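Colleague: sharing a sequence plus its predicted fold:
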Amino acid sequence: MSSRIRALQYYILSRLLLAPLMVWTITTIVFLLLRATPGDPVDAILGPRAPEAQKELIRQQLGLGDPLWVQYLHYMQGLLRLDLGSSLATRGQAVWDIVQDYFPATAELAFFSMAIALLIGVSVGILSASRPNTPLDAGGRIFGIVTYSVPLFWVGMLLQLVFSVQLGWFPLGTRYPISSSPPEGFTGLYTLDSLLSGNLEALGLSLYYLALPCFALGLVLSGIFERIVRVNLKQTLKADYVEAARARGIPERRVLLRHALKNALIPVVTVLGLTLAAMLGGAVLTEVTFSWPGLGNRLYEAISMRDYPTVQGIIVFFAVIVVIFSIAIDIVNAYIDPRIRY
């Protein structure tokens, strides 16, 4: 067994061992921050004018009257059993059920937004890097800076104002027409369920309602990929092996796509894991702005109602996804890039 394979195995093992520690750290921070924020969840459930005796009874039933360390131990014991608890706002609904009901909408939004971000970001980055010191290069830099810094909720509201309110081209919100039944399936992903059932009309409606929120989120995230591709491709185009390919008479288009672009895209794989975390955070803003019935919107509602178990459960679920994808992308990047040392 080569030393590189052993090093790769050690790297994978160390990342897997660190994963539970990262999830535990995030869980603990979220637990403490929720208890430190002002507001009483009992007031959100019963209202501020409810009798104090009734509030105290509900508080004891929900375990909110226990000391903080007792609440923490109970919560961690539940997590070890893969029990995220029950919602305070809905009085007994399991948080796992909330995740299963709302996550497919978020997953669908994230997938298509990532596809749009990669398509726009990589394309603009290639055009900018292949035309250095030209208006295209300057335009690419401006595009990356603007899309990277512009507020997502502002982009969403602007797109709604122009394409939904003024032009009427796209729906203002929701995931599917209220007058129609969504496609039946076991995944909860309307596009996939439509394909599996062969319902092309439902597929078209699903993509139609996805278009505007996905474009808003994808456009904002595309600036990350544009900046990375432009900078790395510019450096790669100056490398010796690229100059050697040009000296052999290989066409510039082939040099760009077959030689330089492959190495320039390696950092994009690394950034995918980091972008996933930004996408999940951006999904909350996108879902609230577009009234998208996803897990991010449900998280916003739970925060507004001081629904501790639901907030903790959704954030822990998001944290596990980010950790898993980050580890997977680190492993893939370490495997495909021989320059990495462990």
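Modeller: Now that the structure is in, tell me what you want to look at.
Colleague: from here on, contacts and neighbour counts on C-alpha atoms
Modeller: Will do.
Colleague: V316 versus S194, what's the distance?
Modeller: Separation of S194 from V316 (Cα to Cα, to the nearest Å) stands at 30 Å.
Colleague: how is the protein divided into domains?
Modeller: The chain breaks down by automatic domain parsing into domains covering 3-80, 97-336.
Colleague: and the ones you listed, which one averages the lowest pLDDT?
Modeller: Note on the domains of the chain: domain 3-80 shows the lowest mean pLDDT, a mean of 75.
Colleague: hey, which of the domains of the chain is tucked in deepest?
Modeller: Greatest average neighbour count among the domains of the chain goes to domain 97-336 (a mean of 18), per mean count of other Cα atoms under 10 Å.
Colleague: dihedrals phi and psi, S86?
Modeller: phi -120, psi 150 (degrees, to the nearest 10).
Colleague: ignore the last one, G173
Modeller: Here is the backbone geometry of G173 (degrees, to the nearest 10): phi -170, psi -170.
Colleague: check the one 5 residues further on too.
Modeller: With angles defined as degrees, to the nearest 10, I178 sits at phi -60, psi -30.
Colleague: how near is it to V320?
Modeller: Per Cα to Cα, I178 is found 33 Å from V320.
Colleague: cool, and L82?
Modeller: Distance from L82 to V320, by Cα to Cα: 12 Å.
Colleague: so where do the helices sit in the stretch 51-200 of the chain?
Modeller: 52-61, 68-80, 95-130, 135-149, 152-159, 190-197, 200-236 (DSSP state H, counting those that start in this stretch).
Colleague: okay, those helices in a markdown table with distance to L265 next?
Modeller: Shown next, in a markdown table, are these (distance: least, Cα to Cα, whole Å):
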| stretch | distance to L265 |
| --- | --- |
| helix 52-61 | 54 |
| helix 68-80 | 38 |
| helix 95-130 | 9 |
| helix 135-149 | 17 |
| helix 152-159 | 25 |
| helix 190-197 | 28 |
| helix 200-236 | 7 |
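Colleague: of all those, which one is nearest S86?
Modeller: helix 95-130 (5.3 Å; Cα to Cα).
Colleague: what's the distance between S123 and L295?
Modeller: From S123 across to L295, the span is 30 Å (Cα to Cα).
Colleague: I misspoke; the intended subject was T90.
Modeller: 16 Å.
Colleague: what of A138?
Modeller: Relative to L295, A138 is positioned 38 Å away (Cα to Cα).
Colleague: one more: M22?
Modeller: 22 Å.
Colleague: same question, P67
Modeller: 30 Å.
Colleague: over to G139?
Modeller: 36 Å.
Colleague: next one: I327
Modeller: 23 Å.
Colleague: hmm, G173 is touching S291, no?
Modeller: Yes: using Cα atoms under 8 Å, G173 makes contact with S291 at a distance of 5.2 Å.
Colleague: residues contacting V271?
Modeller: Residues near V271 by Cα atoms under 8 Å, 6 or more residues apart in numbering: none.
Colleague: what sits against the nearest residue to I116 once chain neighbours are set aside?
Modeller: Sequence neighbours aside, G218 is the residue nearest to I116 in space, at 5.1 Å (criterion: Cα to Cα, 6 or more residues apart in numbering). With contact set as Cα under 8 Å, 6+ apart, G218 has these partners: F112, S113, M114, A115, I116, A117, L118.
Colleague: got it, and A138?
Modeller: Contacts of A138 (Cα under 8 Å, 6+ apart): S128.
Colleague: also M114?
Modeller: Contacts of M114 were listed using Cα under 8 Å, 6+ apart, and they are G218, L221.
Colleague: renumber starting at 23 from here on
Modeller: Right, with 23 as the first residue, what we last looked at is M136.
Colleague: what's the end-to-end length of stretch 193-200?
Modeller: For stretch 193-200, the first-to-last residue distance is 11 Å (Cα to Cα).
Colleague: distance from that stretch to the middle of the chain?
Modeller: Computed by Cα atoms, centre = their mean, to the nearest Å, the chain-centroid distance of stretch 193-200 equals 21 Å.
Colleague: so what touches that stretch?
Modeller: Contacts with stretch 193-200, where a contact means Cα under 8 Å, 6+ apart, come from 127, 182, 186-187, 204, 227-228, 231-232, 312-315.
Colleague: sorry, back to before: who wins for proximity to A286 among the helices of the stretch 73-222 of the chain?
Modeller: helix 222-258 (5.0 Å).
Colleague: report the next helix or strand after the closest one in sequence order.
Modeller: Using DSSP states H and E, the helix or strand that directly follows helix 222-258 along the chain is helix 262-269.
Colleague: may I have that following helix as CSV, with CA atoms only?
Modeller: Extracted in CSV, the C-alpha atoms of helix 262-269 (Å, rounded to 0.1, in the frame of the first residue of the first chain):
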residue,chain,number,x,y,z
ASP,A,262,4.4,26.4,-18.3
TYR,A,263,2.4,23.4,-19.6
VAL,A,264,-0.2,25.8,-21.1
GLU,A,265,2.5,27.7,-22.9
ALA,A,266,4.0,24.4,-24.1
ALA,A,267,0.6,23.4,-25.5
ARG,A,268,0.3,26.7,-27.3
ALA,A,269,3.8,26.2,-28.7
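Colleague: sounds good, over and out.
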